[in-house]
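Chemist: Whatever this is, show me its structure:
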Amino acid sequence: MTLFQKCLAVPAALLLFMAGLSSFAALEKDAGAVTIFTPTIPFLIVLLCLFYLLSSVYFSNALINKIGVLLSASATALIATAILITKLDVIAQLLPGFWFLLAGAWLMSWLSVEKLSEFERIPRLLDLARAIAIPVIFGFWLLLGWEALTRGFNVPKVLLPSPSIIAERFLSSLPILWADFQQTFLKAVLIGYAIGCGSGFFIAILIDRSPFLRKGLMPIGNLVSALPIIGVAPIMVMWFGFDWQSKAAVVVVMTFFPMLVNTIAGLAAARTMQLDLMKTYAADYWQTLFKLRLPEALPFIFNALKINSTLALIGAIVAEFFGTPIVGMGFRISTEVGRMNVDMVWAEIAVAALAGSAFYGVVTLIERRLTFWHPSIRA
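Modeler: Residues are numbered from 1 along each chain as shown. Have a look, this model is predicted:
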């Protein structure tokens with residue numbers, strides 16, 4: 001966004017703020033209530049918006065520009081957001097003013113996040129805080145908009161419950177959610193993930209070592225990867241029973257091929273000059289493998305691990321639709337949908353999303369530690 005566009009965005013946000021606040025004040029005056037929207041709040045918002053414009057125009061090449069713009073936009077967004085949160089319980093009566101204020105607060109939050117992302121050469125701790133703050137702010141506005149839409153338009157709970165209803169159900173069902181998490185994630189996902197990724201890695205080493213296996217096993221691997229999970233899951237339930245073992249078997253099938261293909265591609269990533277250098281050192285196959293080819297293959301291997309971290313959870317949940325004990329994320333989702341308890345379904349979805357994101361994040365952190373030398377990590 002250019003400076004001209006930013007300077008246009010602030011007056012637009014200011015107009016939205018004034019329209020929203022005036023609507024709130026008029027409604028409270030008609031109701032005979034003591035209004036909290038004294039002239040102090042509009043005056044403070046106008047002052048902060050003017051400070052934003054002055055910082056953008058007169059200090060365009062100085063550090064005070066970024067700090068001033070960030071502080072003014074953030075403070076304006078926080079004030080408007082605080083008013084929005086206090087008015088969520090009567091949103092149906094405040095539709096015009098609420099939406100004006102919501103749009104203005106979102107616009108100033110957008111400007112503050114954009115300015116926050118422009119800071120360069122900041123300390124490592126502040127950079128980490130910024131990396132966390134930006135997605136947290138985005139997620140907050142996503143949830144606030146979701147809450148406002150479901151309340152403002154009276155969306156039926158069966159179609160889409162609000163985040164507050166989902167959070168209430170989440171907190172009241174912690175023992176059930178924990179039992180489902182243990183059954184699906186700690187047993188089926190982790191064990192199946194370890195077996196699938198481990199077997200894919202070791203078979204890739206064998207295929208790389210033997211041309212015969214490369215020609216024989218790769219077509220079988222392609223065939224396995226094309227098998228639909230809906231067809232595999234019932235067969236695995238018949239083979240391994242209704243408990244977590246059958247779900248782990250489905251996860252093994254889903255994670256095996258991505259690891260196999262990525263590992264083979266990674267082992268072929270070493271350049272000819274590097275291989276020739278190892279030959280001049282009289283290195284045998286295994287020395288070349290461990291000292292050159294596997295380190296070169298690590299980015300490919302971690303790509304497979306990250307892909308499989310999400311595939312494993314999806315596979316385990318879908319497999320539970322076809323037979324499981326009375327516990328597990330997939331079982332709970334299929335059961336509660338039939339009972340029209342959509343808030344419980346969303347609570348399970350939230351658990352799955354948090355578990356999958358945390359799992360992916362752990363794999364990414366390990367990747368950054370082991371592949372610190374790679375250009376993508378150094379950048």
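Chemist: quick one: low-confidence parts of this structure?
Modeler: Low-confidence segments of the chain, defined by pLDDT under 70: 1-11, 13-15, 17-73, 84, 87-95, 118-123, 376-379.
Chemist: Domain-wise, how is it divided?
Modeler: Here the domain parsing of the chain from automatic domain parsing is 3-122, 174-378.
Chemist: mind checking which of those is nearest Pro163?
Modeler: Nearest to Pro163, of all the domains of the chain, is domain 174-378, at 8.7 Å by Cβ to Cβ. No exception for glycine: its C-beta is placed from N, CA and C like everyone else's.
Chemist: circling back to that earlier point, any chance of the domains of the chain in JSON lines, with distance to Ile132 and mean neighbour count too?
Modeler: Shown next, in JSON lines, are the domains of the chain (distance: least, Cβ to Cβ, whole Å; neighbours: other Cβ atoms under 10 Å):
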{"stretch": "domain 3-122", "distance to Ile132": "11", "mean neighbour count": "17"}
{"stretch": "domain 174-378", "distance to Ile132": "11", "mean neighbour count": "17"}
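Chemist: looking at these, which is closest to Ser164?
Modeler: Proximity to Ser164 (Cβ to Cβ) singles out domain 3-122 among these, at 8.2 Å.
Chemist: Dump the domains of the chain into JSON lines; add distance to Pro161 as well.
Modeler: JSON lines is the format used below for these (distance: least, Cβ to Cβ, whole Å):
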{"stretch": "domain 3-122", "distance to Pro161": "15"}
{"stretch": "domain 174-378", "distance to Pro161": "5"}
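Chemist: Between these, which one is closest to Lys157.
Modeler: domain 174-378 (6.6 Å).
Chemist: Off-centre distance for that closest one?
Modeler: 18 Å (Cα atoms, centre = their mean, to the nearest Å).
Chemist: Which strands and helices lie in contact with the host helix or strand of Leu143?
Modeler: In this structure, Leu143 is located in helix 124-152 according to DSSP states H and E. Counting contacts by 3 or more Cβ pairs under 8 Å, 6 or more residues apart in numbering; DSSP states H and E, helix 124-152 packs against helix 63-86, helix 95-117, helix 163-172.
Chemist: Export the ones you listed to a markdown table and append columns for distance to Leu142.
Modeler: Shown next, in a markdown table, are the helices and strands packed on helix 124-152 (distance: least, Cβ to Cβ, whole Å):
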| stretch | distance to Leu142 |
| --- | --- |
| helix 63-86 | 13 |
| helix 95-117 | 10 |
| helix 163-172 | 9 |
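Chemist: do you know which of the ones you listed lies nearest Leu365?
Modeler: So among the helices and strands packed on helix 124-152, helix 95-117 is nearest, using Cβ to Cβ, at 21.6 Å.
Chemist: what angle separates the closest one from helix 124-152?
Modeler: With axes from the mean of the first three to the mean of the last three Cα atoms, to 10 degrees applied, the angle from helix 95-117 to helix 124-152 works out at 160 degrees.
Chemist: on that earlier part again, tell me which of the domains of the chain sits nearest to Gly139.
Modeler: Proximity to Gly139 (Cβ to Cβ) singles out domain 174-378 among the domains of the chain, at 10.9 Å.
Chemist: contacting residues for Phe181?
Modeler: Going by Cβ atoms under 8 Å, 6 or more residues apart in numbering, Phe181 touches 329, 351, 355.
Chemist: Can you classify the closest residue to the second one other than its chain neighbours by secondary structure?
Modeler: Spatial nearest neighbour of Val351, excluding adjacent residues (Cβ to Cβ, 6 or more residues apart in numbering): Leu177 at 5.3 Å. With DSSP: H, G, I helix; E, B strand; the rest coil as the basis, Leu177 sits in helix.
Chemist: Does Leu177 touch Trp346 like I think?
Modeler: No. Using Cβ atoms under 8 Å as the test, Leu177 is too far from Trp346 to be in contact (11.6 Å).
Chemist: Just give the nearest non-adjacent residue to Val253, would you?
Modeler: Val232 (5.7 Å).
Chemist: doesn't Val251 make contact with the one you found?
Modeler: No. Taking contacts as Cβ under 8 Å, Val232 lies outside contact range of Val251: 10.6 Å.
Chemist: So Ile195 versus Met236, what's the distance?
Modeler: Distance, Ile195 to Met236, by Cβ to Cβ, to the nearest Å: 13 Å.
Chemist: Likewise for Leu78?
Modeler: 52 Å.
Chemist: Mind jotting down where the helices sit in the stretch 151-300 of the chain?
Modeler: Here the stretch 151-300 of the chain has its helices, by DSSP state H, counting those that start in this stretch, at 163-172, 174-181, 190-209, 211-225, 229-240, 244-267, 272-280, 285-288, 294-319.
Chemist: any chance of the ones you listed in a markdown table, plus distance to Lys115?
Modeler: What follows is those, written out as a markdown table (distance: least, Cβ to Cβ, whole Å):
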| stretch | distance to Lys115 |
| --- | --- |
| helix 163-172 | 27 |
| helix 174-181 | 38 |
| helix 190-209 | 40 |
| helix 211-225 | 45 |
| helix 229-240 | 45 |
| helix 244-267 | 38 |
| helix 272-280 | 44 |
| helix 285-288 | 50 |
| helix 294-319 | 31 |
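Chemist: so what's Val206 up against?
Modeler: Small correction: residue 206 is Leu, not Val. 213, 217.
Chemist: swap that for Ile166, sorry
Modeler: Taking Cβ under 8 Å, 6+ apart, we find Ile166 in contact with 343, 346-347, 350.
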